[in-house]
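Q: Provide a 3D model corresponding to the input given below.
(one chain, ligands or ions: 2)
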Amino acid sequence: MVVQDVCKRCRQGQVSVLSRKEPFCNDCFSKFVSAKQRKQMMCEPYCQDVFKVLYQDKVRSEAESVEQNAHSKVLVPLSFGSSSVVLLDILNDTLTEQKETQRGKTGFHIDVLVCGRDQDDIVRYREMADRLLSERYASNREKIKFHFLSVESFYKDCGGELDTILVDSADFSSRSIVENGELNREFGVEDLLKQCPDRSSRQDLLTILSSRLIKKFAYQNKHKIILWGHSMTKLADETISLVVKGRGSQIASMLSIDECDPLFDNSFKNLYPLQDVLLSEIDAYCYIKHLDPFMIDYIPQDTLLVEKQRNPELVSAPRSVKNLTLNEIARKYFDDVEADYSNVISTVVRTALKLGEPETPKPERCSICRANVHMDPSEYLQTITVSENHPIETTEESALYDKWNESQFSNQKIENTTLRDSIPQKAVSTSLCYGCLINVNRMKGRKLTWPQHSKSELETILDAFEL
Ligand SMILES: [Zn+2]
Ligand SMILES: [Zn+2]
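A: Ligands and ions are numbered 1, 2, ... in the order given. Here you go, the predicted model:
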């Protein structure tokens, strides 16, 4: 493609970005991205009430409008990747504009939530948050607060007992046992991850766990909206990964932006303001707005920039496909198609947004991810699996069996013993969705330890600190 000299929109700016076959100058491209985010933020009356500066009108008095502006709090989960940083930066611009045009008033406050695996993570995140606040958000300091949370809060601040969930290797039924004593006090995220067979399963559980923590934080701190940083590309890879992981029926509820979150008393909405923006566009925006120094463990792509920015030496070598998680494989696919076939990505997302949840009267909820269970997955697994051994018939087979018995592999026999032999009477039947059942079935000892869901779990205050 021949690069035109001037921007097609303003007809004077120098072309710096090529996206969706259109040449943009810096200013027009920034407007293009930020307008897409703002359109989603104003998509319907609930969101408009949160973001707009409200004044006295037919439905509210002067005092009520002041009160509503003061209580419009939104939550931004920040990973210091490009999408969440860009989202936050556009929100900051929105606050600045509101102050300029509405005589110093703003319609909303921002709480930023940063989740870290350990103290080292949190120290790094904190330093970067300090820089963001002093270098970019100084003029809106009173409207933006950062909060830091360790993922360990998932077990530490769960307010109650832990369940150990087990899957029977013979019929795939699932039971749970209440843990009391030692394990209850000491079990942590690292222990959970040690039980996982591979990176995919670790990532699956970490995603469930951090999303639960973020939503619990929003519930407890009375946020009206959680603004997730997902780009269109990320939503497409999330959608495809959910299908591959057997979590297809959860796509509709994940993307539901029309309703408030039913798992948290309908107290907030989940919004994906960057759902119309490709990851490569967000990354180009990072460079144009000089946000790239504020990333942690992420180097934005410069594929859309006319003048490349990236130091090729800094770009890490790709992992071999064998070590990729399902999400990473899906991401790699979309990264590859993004340049020439970006419409594939928007088709996946548009289709996903149209999906509805299956209609099941009073479905049970999965005891791990809390998704509705529309069909008993153990029945389905029984129909596609042979779990009994073939009987030994010849002396040769018998000799081979003895040999295996003596070998180190016979350890696996212990894991294969069914639940019925090994668990105490107090285990009760529990519901799992297909995706979680498959996951637990592959874990060490076919078991997983997880907090019980209860009102007290939701009410136990998370130990976050503020900046
Ligand atoms: Zn322009
Ligand atoms: Zn589940």
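
Q: could you use CA atoms for every contact and neighbour count after this?
A: Will do.

Q: would you mind measuring from the residue lying farthest from the centre of the chain to ligand 1?
A: Here the chain reaches farthest from its C-alpha mean at T395, the gap being 54.5 Å by Cα atoms, centre = their mean. Distance from T395 to ligand 1, counting by Cα to the ion, to the nearest Å: 82 Å.

Q: what is the least confident helix or strand in the chain?
A: The weakest-scoring helix or strand in the chain, judged by mean pLDDT, DSSP states H and E, is helix 411-416 (a mean of 52).

Q: near ligand 1, which residues of the stretch 251-400 of the chain?
A: On the criterion Cα under 5 Å from the ion, ligand 1 has no neighbours in the stretch 251-400 of the chain.

Q: for the stretch 251-400 of the chain, what lies in contact range of ligand 2?
A: Applying Cα under 5 Å from the ion, we find that the stretch 251-400 of the chain lies next to ligand 2 at 366, 369.

Q: ok, and the closest non-adjacent residue to the residue in the stretch 251-400 of the chain positioned nearest to ligand 2?
A: Across the stretch 251-400 of the chain, the shortest distance to ligand 2 (Cα to the ion) belongs to C369, at 4.0 Å. Sequence neighbours aside, I208 is the residue nearest to C369 in space, at 6.2 Å (criterion: Cα to Cα, 6 or more residues apart in numbering).

Q: and that neighbour, helix, strand or coil?
A: helix (DSSP: H, G, I helix; E, B strand; the rest coil).

Q: circling back: roughly how far does the residue farthest from the centre of the chain sit from E406?
A: Per Cα to Cα, to the nearest Å, T395 is found 17 Å from E406.

Q: quickly list what R365 is bridged to.
A: Beta-bridge partners recorded for R365 (DSSP bridges): N372.

Q: list the contacts for it?
A: Counting by Cα atoms under 8 Å, 6 or more residues apart in numbering, R365 touches 371-373, 431-433.

Q: need those in CSV (columns: distance to D463, pLDDT and neighbour count).
A: Listed next are these as CSV, based on distance: Cα to Cα, whole Å; pLDDT from 0 to 100; neighbours: other Cα atoms under 10 Å:
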residue, distance to D463, pLDDT, neighbour count
A371, 26, 92, 21
N372, 29, 91, 21
V373, 31, 92, 21
S431, 30, 94, 23
L432, 29, 95, 29
C433, 30, 94, 27
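
Q: of these, closest to W450?
A: Among the contacts of R365, L432 lies closest to W450 (Cα to Cα), at 12.4 Å.

Q: torsion angles phi and psi at the closest one?
A: Dihedral pair for L432: phi -130, psi 150, per degrees, to the nearest 10.

Q: isn't it right next to P363, touching?
A: No - using Cα atoms under 8 Å, L432 is not in contact with P363, being 11.5 Å away.
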